[in-house]
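Visitor: Task: produce atomic coordinates for the following.
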Amino acid sequence: MPDTPPSAVNSGARRTSIQAEPLTCTIGAELTGVNLADAARDDDLFAQIKKLLLRYKVLFLRDQDISRADHVAFASRFGPLEDHPVAGSDPDHPGLVRIYKDLASPPEHYENALHTDGTWRTNPSMGAVLRCVESPPVGGDTIWVDMAEAHRRLPEHVKSRIEGLRARHSIEATFGAVLPEDRRHALKERFPDAEHPVVRTHPETGEKILFVNAFATHFVNYHTPENVRFGQDYAPGASQLLSYLISQAAIPEYQVRWRWSPGSVAIWDNRSTQHYAVQDYWPAVRKMERAGIVGDRPF
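Guide: Next comes the predicted model:
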């Protein structure tokens with residue numbers, strides 16, 4: 001049954017109810033009966049959406065006829081917005097990144113990898129609000145993954161093995177890889193590799209989350225007497241374990257897939273999910289606008 005929490009809009013001037021229809025058994029729900037421009041200005045309505053986000057991890061809405069200012073205002077209810085060092089922001093709306101793909105766009109493969117936004121930062125993104133401006137007639141879907149479920153269903157011996165492990169995350173090895181050497185080094189100086197727990201705790205729900213993705217390069221505290229007898233255990237053993245953990249996000253039982261249309265919006269909790277933008281639509285055009293929200297330091 002869908003969730004139907006009542007919510008007041010515009011200080012009680014009129015009433016509306018949010019309906020949340022789950023899209024899979026583990027992650028994702030589509031909301032109806034709400035406009036995000038209203039939620040940007042109404043405390044109770046926003047609180048209902050945030051509660052649903054913590055439950056479903058990613059929320060979807062269609063037919064959201066909102067302005068860029070409304071988009072930024074709603075996302076800012078979660079916290080300050082962040083800029084992106086490579087993509088930049090809309091000059092009139094700081095924190096709003098335009099992700100436009102057309103025939104003039106250079107080929108790149110950053111979105112179509114399973115990843116959690118900004119884990120190369122000391123404080124990765126808390127979440128994001130992504131709005132579709134123009135979509136292909138078919139294709140260009142986005143997939144989200146429930147990484148709390150991925151951790152929950154790991155074999156117990158693997159959970160024990162990775163407890164306490166930490167991993168390094170790098171922007172230099174990903175976004176920086178295509179840059180000339182001097183610019184790559186400058187990018188790393190600005191954003192030194194970040195170190196995060198392999199299993200983080202969600203600061204609001206208390207869930208344990210498998211927290212490695214495409215930005216993770218290696219474990220930093222694997223080389224212990226318990227794990228390493230010979231050198232063969234260290235490099236191949238650690239890399240194989242990291243690859244195994246990263247691969248968990250590809251399991252369909254943990255995923256939800258969303259087909260975009262102009263005016264549709266996704267709101268996701270970046271602390272407990274990964275996502276993948278499917279780039280199967282060339283030569284069609286796909287234009288998206290994203291407001292990313294500053295997060296906290298994982299623990």
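Visitor: how about the helices in this protein?
Guide: Using DSSP state H, the helices of the chain run over 36-39, 43-56, 68-76, 147-152, 156-162, 181-190, 231-247.
Visitor: and of these, who's closest to Leu114?
Guide: Set against Leu114 and scored by Cβ to Cβ, the helices of the chain come closest in helix 231-247, at 7.7 Å. (C-beta placed from N, C-alpha, C; glycine too.)
Visitor: ok, residues contacting the closest one?
Guide: By Cβ atoms under 8 Å, 6 or more residues apart in numbering, the list of residues contacting helix 231-247 from outside reads 114, 158, 161-162, 167, 198, 210, 212-214, 216, 218-219, 222-223, 227-228.
Visitor: Tell me which of the residues you listed fall in strands.
Guide: Cross-referencing the contacts of helix 231-247 against strands under DSSP state E gives Ala167, Leu210, Ala216, His218, Phe219.
Visitor: And those residues, which two are furthest apart?
Guide: Largest separation among the ones in strands among the contacts of helix 231-247 by Cβ to Cβ: Leu210 and His218, giving 16.4 Å.
Visitor: who has more neighbours, these two?
Guide: Between Leu210 and His218, Leu210 has the larger neighbour count (other Cβ atoms under 10 Å), namely 28 against 15.
Visitor: residue contacts, the more buried one?
Guide: So Leu210 contacts Met147, Ala148, Ala150, His151, Leu154, Val198, Val199, Leu245, Gln248 (Cβ under 8 Å, 6+ apart).
Visitor: Among the residues you listed, which one lies nearest to Pro192?
Guide: Val198 (19.2 Å).
Visitor: Check what pLDDT that closest one gets.
Guide: Val198 is assigned a pLDDT of 98 by the prediction.
Visitor: ok, now which ones touch it?
Guide: Taking Cβ under 8 Å, 6+ apart as the test, what Val198 contacts is Ile162, Leu165, Arg166, Ala167, Leu210, Phe211, Val212, Phe219, Leu245.
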